[in-house]
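> Need coordinates for the below:
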Amino acid sequence: MSNLFWLSEAQLARLEPFFPKSHGKPRVDDRRVLSGIIFINRNGLRWCDAPKEYGPPKTLYNRWKRWSDMGVFARIMAGLAAEGTEQRAVMIDATYLKAHRTASSLRVKKGPRGRLIGRTKGGLNTKLHAVTDALGRPIRFFMSAGQVSDYTGALAMLDGLPAADWLIADRGYDADWFRDALKDKGIRACIPGRSSRSKPVRYDKRRYKRRNRIEIMFGRLKDWRRVATRYDRCPQVFLSAVALAATVIYWL
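Below is the predicted model:
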């Protein structure tokens with residue numbers, strides 16, 4: 001039995017509404033090419049090492065790069081997530097993703113935000129900020145350099161938070177401005193207070209125990225080798241790898 005990954009016909013049917021329209025010459029078989037792209041990302045392979053069953057490696061890479069630049073994979077995840085999220089409570093957190101030397105050419109700055117790779121105690125990293133629904137399924141991602149604080153990610157994703165009753169986060173997000181912003185949106189904060197606070201903050205400890213679901217989500221994303229280790233120089237292409245992994249794991 002083959003160990004190669006293949007999208008089912010039902011899975012492909014769910015993805016097709018998000019595909020860009022083909023102009024002129026019809027595209028090569030979508031199911032074969034996308035299955036190859038998923039296989040490469042999940043196993044951390046070079047494009048030239050793609051199994052021959054998926055077709056020419058150049059075809060796989062060109063489709064991957066073109067659709068990543070167009071934001072197709074990010075739209076697929078957002079679109080499928082919007083169809084079935086459990087949003088009575090949402091969670092926010094961040095994790096570090098190790099940057100391989102092939103991605104960490106820090107002197108080269110392309111785009112307004114550069115490579116989004118920064119130096120931390122653990123070396124060169126990218127930080128992935130995420131919002132999930134109550135079941136720990138990702139709704140939205142934001143990427144920053146590794147040394148950027150959790151507050152920056154929270155601020156970037158604040159306007160895009162879905163309507164929810166609760167937001168669950170660890171004490172790294174304990175800031176008065178963030179609590180006030182959540183209150184203005186009608187969301188109750190389940191966030192422990194920092195030890196430096198003069199007055200302890202009350203929070204729902206039983207509800208807070210559910211926060212492990214977002215940590216499990218990060219762990220499952222890192223099972224995909226091209227997510228756990230960043231090989232792509234372009235931040236948009238790397239974010240596409242994260243969105244693709246989240247789509248296959250949680251939304252297909």
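> List the buried residues of stretch 165-185.
Residues 166-170, 172-175, 178-179, 181-182 are the ones in stretch 165-185 that count as buried (16 or more other Cβ atoms under 10 Å). All C-beta spots, glycine's among them, are computed from the backbone N, C-alpha and C.
> typed the wrong thing, it's stretch 129-149
Quick answer for stretch 129-149 (16+ other Cβ under 10 Å): 129-134, 136-146, 148.
> quick one: average pLDDT of it?
For stretch 129-149, mean pLDDT rounds to 94.
> first to last residue in that stretch, what's the distance?
End-to-end distance of stretch 129-149 (Cα to Cα, to the nearest Å): 10 Å.
> again with stretch 99-117
Using Cα to Cα, the two ends of stretch 99-117 sit 7 Å apart.
> tell me the contacts of the nearest residue to residue 146 once chain neighbours are set aside?
Counting by Cβ to Cβ, 6 or more residues apart in numbering, residue 146 lies nearest to residue 125, which is 3.2 Å off, once chain neighbours are set aside. Going by Cβ atoms under 8 Å, 6 or more residues apart in numbering, residue 125 touches 96, 97, 98, 99, 117, 118, 119, 145, 146.
> still on that earlier bit, which of the buried residues of stretch 165-185 fall within helices?
Judged by DSSP state H, helices contain the following of these: 178, 179, 181, 182.
> Is the residue lying closest to the last one once chain neighbours are set aside bridged to anything, and to what?
What that stands for is residue 182. Distance criterion Cβ to Cβ, 6+ apart; nearest residue to residue 182, sequence neighbours excluded, is residue 189 at 5.0 Å. Beta bridges link residue 189 to residue 167, judged by DSSP bridges.
> quick one, what contacts residue 189?
166, 167, 169, 178, 179, 182, 183, 203.
> where do the strands sit along the chain?
Applying DSSP state E to the chain gives strands spanning 89-99, 118-120, 123-132, 138-145, 166-168, 188-190, 229-230.
> Of all those, which one is nearest residue 49?
strand 229-230 (15.4 Å; Cβ to Cβ).
> Now tell me what touches that closest one from outside.
44, 97, 98, 99, 100, 103, 117, 126, 238.
> Now tabulate those residues in CSV and tack on pLDDT.
Below are the contacts of strand 229-230 laid out as CSV (pLDDT from 0 to 100):
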residue, pLDDT
44, 95
97, 95
98, 94
99, 92
100, 90
103, 85
117, 91
126, 95
238, 96
